[in-house]
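In: Everything below, folded, please.
(2 chains)
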Protein chains: 2
Amino acid sequence: MAVYTDVAADDLADFLKSYEIGDLLSYKGIAEGVENTNFLLHTTRGSFILTLYEKRVASEDLPYFLALMAHLAARGVSCPQPEKTRDGEICGALSGRPAVIINFLEGVWPRRPNAVHCAGVGEALAKMHLAGLDFPQHRANPLSVSGWRPLFDLAAARADEIQPGLRDFIAAELDHLEGRWPRHLPTGVIHADLFPDNVFFIGDTLSGLIDFPFSCNDILAYDVAICLNAWCFEPDHAFNVTKARALLNAYQRGRALSEAEQTALPLLARGAAMRFLLTRLVDVLDVPEGALVKPKDPLEYFRKLRFQQNVASIRDYGVEAAGAVA
Amino acid sequence: MAVYTDVAADDLADFLKSYEIGDLLSYKGIAEGVENTNFLLHTTRGSFILTLYEKRVASEDLPYFLALMAHLAARGVSCPQPEKTRDGEICGALSGRPAVIINFLEGVWPRRPNAVHCAGVGEALAKMHLAGLDFPQHRANPLSVSGWRPLFDLAAARADEIQPGLRDFIAAELDHLEGRWPRHLPTGVIHADLFPDNVFFIGDTLSGLIDFPFSCNDILAYDVAICLNAWCFEPDHAFNVTKARALLNAYQRGRALSEAEQTALPLLARGAAMRFLLTRLVDVLDVPEGALVKPKDPLEYFRKLRFQQNVASIRDYGVEAAGAVA
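Out: Residues are numbered from 1 along each chain as shown, chains lettered A, B, ... in the order given. Here you go, the predicted structure:
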């Protein structure tokens, strides 16, 4: 949420000369992106986002994200598209950091998502999954099931500081998930972080998906499960079946879930809850005193995980399994 | 440098309905304004800045700043202009805070000001001083000479932690300034904080002055002195006479300094250096451990103050006093 790296106006104006996006009119550091420095640029040709990648982002993964955005945008998925330099490059260097310019997507993210928003994200997710099927690059998901135990090892000793009994709870759940994690479901490119703040709307119409640094190749239905957790719980922790139905039905109009995917969805949703419980737990235990950025609450995902443990089938998400394509 | 207050998209869209500035397309929290929360809005009619005023800004002063910006803009000074609601109001409420929308000024602030920039700021400052002469409201400067000793009292006990001997140095200088501070120089509306980050340029052309929360009524030449300190020193602490000459000559083409103002300028510049030395000293001693915002270096202004102590006359700023209007 902070601007880490300032850029001199002269340097930026020079940098822009290698692109065909007009002359610099203004740039503002924007409070988005925990890992990177982002500027909103106005040029004589429009609005753009300039991202400077700080050290924590593995730069070897950058070509994957950038090529993916270009691939998806070319297939009609509304997402930012990297601007190319006159030499055809999509990654330059500015202030000693990898620097990328993408076009600016208008839209606002819904602080209080409703069922219409949930249908929008379901539809867009299916479209993204289909558009990613012929993406030639591959990136394993470092935060899938095999990545969870190392995170737990980091946090286990202090987990009970957050809530008594949390350590044992996670240990038992990890055993459960590792033993049953599905191995033969359809895979492809997933967004892996499609929370409301990464989905833009103008009015009720979805205008775009942003923020692809967690995108990777993994089980497609796992991406759906992440969205169920991120979009369908109320602030009072209640699961909203109307929103879940809207999300799942809209997704399935674009890409029907197979019977195996439908059967696995509750387990995938437990795993999706575990993934965010663990990363938030590690983050909250690692926050320096006096930090301005408030870490996200791991217990929100503890509660979601407990809900998902009690889901018997996809019917509990408000959807009839009858229409499944086996 | 942080976004303190988030605003829900629905609430913002509703808020905008009381204005005639179009429909909301996007808004981004921007990393500007230490005291307030600022968003850059895109609407169907253009770009705007929304400011939510946090508690530290004395809300009784807000009408002064807002009326001043409207007054100056109406007289051709390029500065942001508050947008009025359909009811003619320029201050509303959003997320429980006073909220103001101003038009967005394109331009970038010069990280490495050159003499052309200095001439631009001198010209704009004179124009602002003249345009402010008939501004009917009055606000005393809380950070003028009478405000310095209370700041020193806050910091004196720990001043030598920053540099040995600093406490005695400031005490002696305060005695000097308080005994000699001029009482009969022309006064008017001053910006009082016209640092490079508050002056926008497109190319070499000044496009606007921003950020008026320190504006007040005070000695006009004191504003010139603040600019000399803020614009005419090099990163290696050397005073750049070429820049000072450019700034002062451009100012005087718009508003000639009287002989009394010219004579007082070195003393005013000592005072201007003292003001920023003291506020930075208080800030640096008050920074919570782990804070993400790096406080500005008070010793930069200690060095500038020492330079100004050795200035004999306005000639040391590269300007001939001959052309003075007595």
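
In: With adjacent residues omitted, what lies nearest to A:Asp193?
Out: Nearest residue to A:Asp193, sequence neighbours excluded (Cβ to Cβ, 6 or more residues apart in numbering or on different chains): A:Phe214, at 4.1 Å. No exception for glycine: its C-beta is placed from N, CA and C like everyone else's.

In: Kindly indicate whether that neighbour is helix, strand or coil.
Out: Three-state assignment for A:Phe214 (DSSP: H, G, I helix; E, B strand; the rest coil): coil.

In: Could you check how far it is from B:Ala155?
Out: 46 Å (Cβ to Cβ, to the nearest Å).

In: who's more crowded, the two?
Out: More crowded of A:Phe214 and B:Ala155, by other Cβ atoms under 10 Å in any protein chain shown: B:Ala155, with 24 against 18.

In: List the contacts of that one.
Out: Listed by Cβ atoms under 8 Å, 6 or more residues apart in numbering or on different chains, the contact set of B:Ala155 reads B:Leu278, B:Leu281, B:Val282, B:Leu285.

In: Pull out the buried members of these.
Out: Among those, those buried by neighbour count (16 or more other Cβ atoms under 10 Å in any protein chain shown) are B:Leu278, B:Leu281, B:Val282, B:Leu285.

In: Give me the pLDDT value at the third one.
Out: When you say that, I think you mean B:Val282. As predicted, B:Val282 sits at a pLDDT of 93.

In: Let me know the helix or strand that it is in.
Out: Using DSSP states H and E, B:Val282 sits within helix B:259-285.

In: contacting residues around the next helix or strand along the chain from that helix?
Out: Elements were assigned by DSSP H and E; along the chain past helix B:259-285, the next helix or strand is helix B:298-309. With contact meaning Cβ under 8 Å, 6+ apart, helix B:298-309 is reached by B:162-163, B:166, B:169, B:173, B:229, B:233, B:237, B:239, B:266, B:269-270, B:273-274, B:276-277, B:280-281, B:283-284.

In: ok, now how distant is A:Ala155 from A:Asn229?
Out: Distance from A:Ala155 to A:Asn229, counting by Cβ to Cβ: 19 Å.

In: Contact residues of the stretch 51-200 of chain A facing chain B?
Out: A:Phe104, A:Leu105, A:Glu106, A:Gly107, A:Val108, A:Trp109, A:Pro110, A:Arg111, A:Arg112, A:Phe200 (Cβ under 8 Å from any Cβ of the partner chain).

In: Tell me which residues touch the nearest residue to A:His129 once chain neighbours are set aside, please.
Out: Counting by Cβ to Cβ, 6+ apart, A:Leu220 is the residue found nearest to A:His129 once chain neighbours are left out, at 5.0 Å. Contact analysis of A:Leu220 by Cβ under 8 Å, 6+ apart lists A:His129, A:Leu185, A:Pro186, A:Thr187, A:Gly188, A:Ile190, A:Arg255, A:Glu261.

In: cutoff 7 Å now
Out: A:His129, A:Pro186, A:Thr187, A:Gly188, A:Ile190 (Cβ atoms under 7 Å, 6 or more residues apart in numbering or on different chains).

In: Check the gap between it and chain B for me.
Out: For A:Leu220, the distance to chain B equals 29 Å [Cβ to the nearest Cβ, to the nearest Å].

In: Over to A:Asn229?
Out: In terms of Cβ to the nearest Cβ, A:Asn229 sits 21 Å off from chain B.

In: what do you get for A:Leu72?
Out: Distance from A:Leu72 to chain B, by Cβ to the nearest Cβ: 20 Å.

In: and that residue, what helix or strand is that in?
Out: Using DSSP H and E, A:Leu72 falls in helix A:62-74.

In: next structured bit after that helix?
Out: Next along the chain after helix A:62-74, taking DSSP H and E as the criterion, comes strand A:92-94.

In: buried residues in that following strand?
Out: For strand A:92-94, by 16+ other Cβ under 10 Å, it's A:Gly92, A:Leu94.

In: And the helices in the stretch 1-150 of chain A, which stretches?
Out: In the stretch 1-150 of chain A, the helices defined using DSSP state H, counting those that start in this stretch lie at A:9-16, A:62-74, A:115-131, A:145-162.

In: How far does the first one sit from its chain's centre?
Out: The offset between the C-alpha centroid of helix A:9-16 and the centroid of the whole chain comes to 31 Å, using Cα atoms, centre = their mean, to the nearest Å.

In: In CSV, list the helices of the stretch 1-150 of chain A along with mean pLDDT.
Out: Shown next, in CSV, are these (pLDDT from 0 to 100):
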stretch, mean pLDDT
helix A:9-16, 92
helix A:62-74, 92
helix A:115-131, 98
helix A:145-162, 95
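
In: If you rank every helix and strand of chain A by mean pLDDT, what lands last?
Out: Of all the helices and strands that make up chain A, strand A:92-94 has the lowest average by mean pLDDT, DSSP states H and E, namely a mean of 89.

In: Figure out the helix or strand that A:Gly208 lives in.
Out: strand A:205-209.

In: Show me the strands paired with that strand, marking each as parallel or antiparallel.
Out: strand A:199-202 (antiparallel) (DSSP bridges).

In: what about the partner strand, average pLDDT?
Out: Per-residue scores along strand A:199-202 average to 96.

In: Give me the buried stretch members for it, please.
Out: A:Val199, A:Phe200, A:Phe201, A:Ile202.

In: And for stretch A:13-23?
Out: Applying 16+ other Cβ under 10 Å to stretch A:13-23 flags A:Ala13, A:Phe15, A:Leu16, A:Tyr19, A:Ile21 as buried.

In: Show me which of those is closest to B:Leu94.
Out: Distances from B:Leu94 to those, taken as Cβ to Cβ, are shortest for A:Ile21 (32.9 Å).

In: and the closest one, what are its phi and psi?
Out: The phi/psi pair for A:Ile21 (degrees, to the nearest 10) reads phi -120, psi 20.

In: I'd like the distance from it to A:Gln81, if you could.
Out: 12 Å.

In: Please apply the same query to A:Arg180.
Out: Counting by Cβ to Cβ, the gap from A:Arg180 to A:Gln81 is 39 Å.

In: Check A:Met128 too.
Out: 14 Å.

In: between the two, who's got more neighbours?
Out: Taking other Cβ under 10 Å, A:Met128 and A:Gln81 do not tie; A:Met128 has more neighbours (27 against 18).

In: Can you name the residues that contact the more buried one?
Out: A:Met128 neighbours (Cβ under 7 Å, 6+ apart): A:Leu72, A:Val77, A:His191, A:Leu209.
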